[in-house]
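[1] Provided below are the primary sequence and the corresponding predicted coordinates.
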There are 2 protein chains.
Amino acid sequence: MRATVMRGGELTFGTVPDPEPGPGEVLVKTLACGICGSDLHVLEQAARRMAAGESDGPLGLDLGRDVVMGHEFCAEVVDFGEATQRHLKPGTRVVSMPFLVRGELPRAVGYSHDCPGGYGEAMVLMESLLLEVPNGLPTECAALTEPMAVGAHAVAMARLAAGDAAVVVGCGPVGLAVIAALRLHRVEPIVAADFSPLRRELALTMGAHAVVDPAERSVMDAYGELAEAKPAVLFECVGVPGMIDRIMTDAPHGARIIVAGVCMEPDRIQPFVGVSKELQLQFVVAYQPAEFASTLRAIAEGELDVAPLITGRVGFEGVAEAFEELSHPEAHAKILVEPGAG
Amino acid sequence: MRATVMRGGELTFGTVPDPEPGPGEVLVKTLACGICGSDLHVLEQAARRMAAGESDGPLGLDLGRDVVMGHEFCAEVVDFGEATQRHLKPGTRVVSMPFLVRGELPRAVGYSHDCPGGYGEAMVLMESLLLEVPNGLPTECAALTEPMAVGAHAVAMARLAAGDAAVVVGCGPVGLAVIAALRLHRVEPIVAADFSPLRRELALTMGAHAVVDPAERSVMDAYGELAEAKPAVLFECVGVPGMIDRIMTDAPHGARIIVAGVCMEPDRIQPFVGVSKELQLQFVVAYQPAEFASTLRAIAEGELDVAPLITGRVGFEGVAEAFEELSHPEAHAKILVEPGAG
């Protein structure tokens, strides 16, 4: 099949073997797949390790083998493996959490050598995880279920009390998903910070009550003006070294900090700052199955309007270039890969 | 008055001006005062900064001015300042949280230039914070109220659920206080780790169900054998760089880590470890007034036997040497400074 492949620390447009559905698995055709910031991190790390002559890639990957990334997808049922129920007819549009269990082993679709993701024409998914896309919901919106579920989970893990407010640091896809989930929970105010004017605009669109350019003023100052002494839960949604320390330093006494940004490098903190303010850091990742399903429902019922987040579309040939563009946050939020586009 | 003074980054036995009680304050005579690991940290940092030619000390102290440390004390009421109630007669033995509020400003007794601590013959304390030592409770046990309250607070902040177990890393005074508080909460099992045989022995005395020498085996392995899949709350009670990272790396998925060790230097963590296991770090420090009072009550009623923790006694002249000895954890848990001893 045609696919964008991570090979030797680079993205290449080419062909790879078609995947074949095993027991309990379904073969699907990719309709659309979002590019995730984690994919950029993984490619960057793979390139760095290749350059250093290493063979072990990030996330346990083997740098000598191909990987087809892409885990934010909407797809169409094509065929079934053995031991399947076949309730969904071929042609049905589906989304799924990007995981398979083979034998006893969990595999991440898009981050495994034998489970290609949505940057290829076909995938295999677990039948038991498939969720049918409701009639009338555009494919491109359904493809945003996965990144929006990340926000739903981060907010669930924050265990918000009635009256809690929120500060969201970073308005990339994770931050925007968190803002949308906070708004669904009727949290007020939601104050968000990002250097990019486009992302600040999107933050307002997704439900932030106020946005701040951290180059101009501190988000905690802006928050203080709006909410006075009301306690805020702080969401770290950037995921680069130094951010946790920065938020710990700016946080008020007793603050809860939800770390939703995925920083893959070692980082420096000042424990004494945490101790003297009795801060709580709650690291979060991914989502529970119920959060994934309820996110799809919220999108389908119009409670969560994700269309504004889609700022670009490319075919497989354009993925490498799209990765480049996404490293400049001024230009984009979410770019979708569509086999028919480009 | 006679006192052990931190002066120019060193501990010196000498004299300093007698403190005078202001409005709402009481003059007390020091009976006994424990040496806290934080005092060792502060002296070490002060010496390092002096050597580097700096004038700003740790905790906002001025390296050019004297400090009389010591915040784990039992004392005797001597005289009263203005605007005091005077319910406690002179001669009454008291303990107190080591804080004063002067004007609007909170001051830490033992870490302020104008609020000498228990390494001197006299202190001034806030009348409203004084707790009378119950009749019959030895002075030296009452002096352990402060460090034991630290454990009570750390365990309260852990918000333990019924059935939770605990792993305590580090069995210095903080770890031992945490173990004692866990035992009071009937937590089981409590598995504790320390390199020092003496401290492991004290951990068992204070209520640990099993102890581990980390040089021989991982505390998480030992815990796993004892408790199988039961969830454990992990207590970091060491407070040196690298410990948080180590515990995050060893922790199981979803673990709660209470950071009670006071690490005053920058530290390195791997956020990706926290994210991928959804860890929670709760930093804690000190105690609430109710925790301080209930700790005194538990010691007085024999629920908390603190006598085994006292491994040495010195007079003011011996404090510098005691600081030296405490840097070798094999020899001691708590050394008390007693004006009459040495």
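    The structure has been received and is ready for your questions.
[2] ok, the closest residue to A:Pro138 other than its chain neighbours - contacts?
    With sequence-adjacent residues excluded and distances taken as CB to CB, 6 or more residues apart in numbering or on different chains, A:Pro138 is closest to A:Ala307, at 7.7 Å. Backbone N, C-alpha and C define where each C-beta goes, glycine included. A:Ala307 sits next to A:138, A:140-141 when contact means CB atoms under 8 Å, 6 or more residues apart in numbering or on different chains.
[3] got CSV for the residues you listed, with secondary structure and distance to A:Glu54 too?
    Below are the contacts of A:Ala307 laid out as CSV (DSSP: H, G, I helix; E, B strand; the rest coil; distance: CB to CB, whole Å):
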residue, secondary structure, distance to A:Glu54
A:Pro138, coil, 42
A:Glu140, helix, 37
A:Cys141, helix, 39
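[4] which of those residues lies closest to chain B?
    Minimum distance to chain B across the contacts of A:Ala307 is 26.9 Å, recorded for A:Cys141 (CB to the nearest CB).
[5] I'd guessed the closest one sits against A:Ile299; true?
    Yes - under the criterion of CB atoms under 8 Å, A:Cys141 is in contact with A:Ile299, at a separation of 5.6 Å.
[6] okay, and the common contacts of these two?
    Counting by CB under 8 Å, 6+ apart, the residues touching both A:Cys141 and A:Ile299 are A:Val306.
[7] stretch A:86-104 close to chain B?
    No - counting by CB under 8 Å from any CB of the partner chain, chain B has no neighbours in stretch A:86-104; the shortest distance is 13.9 Å.
[8] circling back: what pLDDT does the model give the residue nearest to A:Pro138?
    A:Ala307 is assigned a predicted lDDT (pLDDT) of 97.
[9] again with A:Leu226
    For A:Leu226, pLDDT reads 83.
[10] for it, give me its contacts.
    With contacts defined as CB under 8 Å, 6+ apart, A:Leu226 is in contact with A:189, A:191, A:209-210.
[11] switch the cut-off to 10 Å
    Listed by CB atoms under 10 Å, 6 or more residues apart in numbering or on different chains, the contact set of A:Leu226 reads A:165, A:167, A:188-191, A:209-210, A:232.
[12] hang on, the earlier thing: which one among the contacts of A:Ala307 gets closest to A:Ala75?
    Of all the contacts of A:Ala307, A:Glu140 has the smallest distance to A:Ala75: 12.6 Å, by CB to CB.
[13] can you give me the distance of the residue nearest to A:Pro138 to A:Pro197?
    If you measure A:Ala307 against A:Pro197 using CB to CB, to the nearest Å, the figure is 20 Å.
[14] coming back round to it: just send the contacts of A:Ala307 back as CSV, with pLDDT and distance to A:His113 too.
    Formatted as CSV, the entries for the contacts of A:Ala307 read as follows, by pLDDT from 0 to 100; distance: CB to CB, whole Å:
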residue, pLDDT, distance to A:His113
A:Pro138, 97, 32
A:Glu140, 97, 28
A:Cys141, 98, 30
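[15] please state the offset of the lengthiest helix in chain A from the chain centre?
    Taking DSSP state H as the assignment, the helix of chain A that covers the most residues is helix A:37-51. Between the mean C-alpha location of helix A:37-51 and the chain-wide mean there is a distance of 16 Å, by CA atoms, centre = their mean, to the nearest Å.
[16] ok, stretch A:126-135 next?
    With CA atoms, centre = their mean as the basis, the mean position of stretch A:126-135 lies at 19 Å from the chain mean.
[17] point out the residues in the stretch 1-150 of chain A that sit beside chain B.
    Within reach of chain B by CB under 10 Å from any CB of the partner chain, the stretch 1-150 of chain A has these residues: A:41, A:58-59.
[18] A:Cys141 and A:Ile299: who's more crowded?
    Counted by other CB atoms under 10 Å in any protein chain shown, A:Cys141 and A:Ile299 do not tie: A:Ile299 has more neighbours, with 26 against 22.
[19] which SSE is the more buried one in?
    Assignment of secondary structure by DSSP states H and E places A:Ile299 within helix A:289-300.
[20] avg pLDDT for that helix?
    Taken as a whole, helix A:289-300 carries a mean pLDDT of 97.
[21] near chain B at all, that helix?
    No - applying CB under 10 Å from any CB, one finds helix A:289-300 out of contact with chain B, separated by at least 13.2 Å.
[22] which is the next helix or strand following that helix?
    strand A:310-314.
[23] show me what counts as buried in stretch A:209-222.
    For stretch A:209-222, a neighbour-count test (16 or more other CB atoms under 10 Å in any protein chain shown) marks A:209-212, A:219-220, A:222 as buried.
[24] for stretch A:33-53, same thing?
    When burial is assessed from 16+ other CB under 10 Å, stretch A:33-53 yields the following buried residues: A:33-43, A:45-47, A:49-50.
[25] also stretch A:311-318?
    Per 16+ other CB under 10 Å, stretch A:311-318 contains these buried residues: A:312-316, A:318.
[26] pLDDT and distance to chain B added to these, as a markdown table?
    Converted to a markdown table, the buried residues of stretch A:311-318 look like this (pLDDT from 0 to 100; distance: CB to the nearest CB, whole Å):
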| residue | pLDDT | distance to chain B |
| --- | --- | --- |
| A:Gly312 | 94 | 27 |
| A:Arg313 | 96 | 29 |
| A:Val314 | 96 | 28 |
| A:Gly315 | 96 | 32 |
| A:Phe316 | 95 | 29 |
| A:Gly318 | 95 | 29 |
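[27] and the furthest pair within those residues?
    Looking at the buried residues of stretch A:311-318 by CB to CB, the two members farthest from one another are A:Gly312 and A:Phe316, with 14.3 Å of separation.
[28] can I assume A:Ser128 is in contact with A:Thr84?
    Yes - taking CB atoms under 10 Å as the contact criterion, A:Ser128 and A:Thr84 are neighbours in contact, 9.3 Å apart.
[29] out of these two, which sits in the busier spot?
    A:Thr84 (17 against 13).
[30] tell me which parts of the stretch 151-300 of chain A are close to chain B?
    Within the stretch 151-300 of chain A, the positions adjacent to chain B are A:153, A:157, A:236, A:239-241, A:243-245, A:248, A:256-257, A:259-286 by CB under 10 Å from any CB.
[31] list buried residues within those residues.
    In terms of neighbour count (16+ other CB under 10 Å), the buried residues within those are A:153, A:157, A:236, A:239-240, A:243-245, A:248, A:256-257, A:259-264, A:267, A:269-286.
[32] tell me where the stretch 1-150 of chain A has strands.
    According to DSSP state E, counting those that start in this stretch, the stretch 1-150 of chain A carries its strands in the segments A:2-7, A:10-15, A:25-34, A:72-80, A:93-95, A:99-102, A:105-108, A:122-126, A:131-132.
[33] circling back to that earlier point, which strands and helices sit next to the helix holding A:Ile299?
    For helix A:289-300, the helices and strands in contact under the criterion 3 or more CB pairs under 10 Å, 6 or more residues apart in numbering or on different chains; DSSP states H and E are strand A:93-95, strand A:131-132, helix A:139-142, helix A:145-157, helix A:173-184.
[34] TSV please, covering these and showing distance to B:Thr15.
    Compiled in TSV, the helices and strands packed on helix A:289-300 are given as follows (distance: least, CB to CB, whole Å):
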stretch	distance to B:Thr15
strand A:93-95	77
strand A:131-132	78
helix A:139-142	78
helix A:145-157	56
helix A:173-184	59
